[in-house]
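*Asks:* Sequence and predicted structure, then a few things I'm wondering about:
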Amino acid sequence: MAARTAQKPQWERVVSELVAHRGDALLRYATLLCGDRDEAADLVQDALVKTFGRLRNGFGVESAEAYVRRVILNTHLDGGRRRSLWRRVAPLEYVPEEAPSDALTTDARLDLHGELRKLTPRERACLVLRYYDDLRVDDIATTLGLSSGTVKRYLSDGLAKMAVALAPEPALAEGDTDAHRS
């Protein structure tokens, strides 16, 4: 008995290895999904608790990472659904984001994470799975439980929003400034 208590159970070793070797990658993945580092840390923590909270044995580090990534994605999407439902139920409580001043607009265009935050949770999830996880449209559809056409629509809409937000401002010729003011 004493030898067994001195040795960690297998699931504890897997969690320790996963966090030590892949914790930063999981945090980056969650940050891309939600756009906020603090919320991402909470997502990773919640995913680890959900994954290993029931003393799951039989996981290796690789399979545990895939499972934790899936739980991060599902938890993020569930949170987005809850927030959007709450906004419909209690619209008087929702305060929209304030628009940044014109001086900050240029900086916002350069901030990819800021622009990702402006997308809907599904658009953001599709873009992250496509361009960060390098999944094909059919794989994204399977992962999210959507049709391929729906995934294509989310990718198209998300990319269009990102293209508009990140597009350079057109340069005005010197004589054009007065013509546009009238």
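*Replies:* Cool, got the structure.

*Asks:* now the chain, which segments are flagged as low pLDDT?
*Replies:* 1-9, 54-58, 80-111, 169-182 (pLDDT under 70).

*Asks:* what do you get if the cut-off is 90, keeping everything else the same?
*Replies:* 1-19, 21-23, 32-37, 39, 46-68, 71-119, 131-134, 162-182 (pLDDT under 90).

*Asks:* mind listing the helices for it?
*Replies:* 2-6, 10-34, 37-52, 61-89, 102-110, 112-117, 121-131, 137-144, 148-166, 176-181 (DSSP state H).

*Asks:* how about these in JSON lines, adding mean neighbour count?
*Replies:* C-betas here are computed from N, CA, C, even on glycine. Converted to JSON lines, those look like this (neighbours: other Cβ atoms under 10 Å):
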{"stretch": "helix 2-6", "mean neighbour count": "6"}
{"stretch": "helix 10-34", "mean neighbour count": "17"}
{"stretch": "helix 37-52", "mean neighbour count": "17"}
{"stretch": "helix 61-89", "mean neighbour count": "15"}
{"stretch": "helix 102-110", "mean neighbour count": "11"}
{"stretch": "helix 112-117", "mean neighbour count": "16"}
{"stretch": "helix 121-131", "mean neighbour count": "22"}
{"stretch": "helix 137-144", "mean neighbour count": "17"}
{"stretch": "helix 148-166", "mean neighbour count": "16"}
{"stretch": "helix 176-181", "mean neighbour count": "8"}
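
*Asks:* so what's residue 124 closest to, chain neighbours aside?
*Replies:* residue 116 (5.5 Å; Cβ to Cβ, 6 or more residues apart in numbering).

*Asks:* actually residue 158, not the one I wrote
*Replies:* Residue 158's closest residue in space is residue 123 (Cβ to Cβ, 6+ apart), at 3.6 Å.

*Asks:* Same check on residue 23?
*Replies:* Per Cβ to Cβ, 6+ apart, closest to residue 23 is residue 44, 7.4 Å.

*Asks:* Quick one: residues contacting residue 75.
*Replies:* By Cβ atoms under 8 Å, 6 or more residues apart in numbering, residue 75 lies in contact with 43, 46, 47, 50.

*Asks:* With distance to residue 18 as added columns, please give those residues in a markdown table.
*Replies:* Converted to a markdown table, these look like this (distance: Cβ to Cβ, whole Å):
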| residue | distance to residue 18 |
| --- | --- |
| 43 | 15 |
| 46 | 15 |
| 47 | 11 |
| 50 | 14 |
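
*Asks:* And those residues, which is closest to residue 156?
*Replies:* Using Cβ to Cβ, residue 43 comes nearest to residue 156 of the contacts of residue 75, at 26.1 Å.
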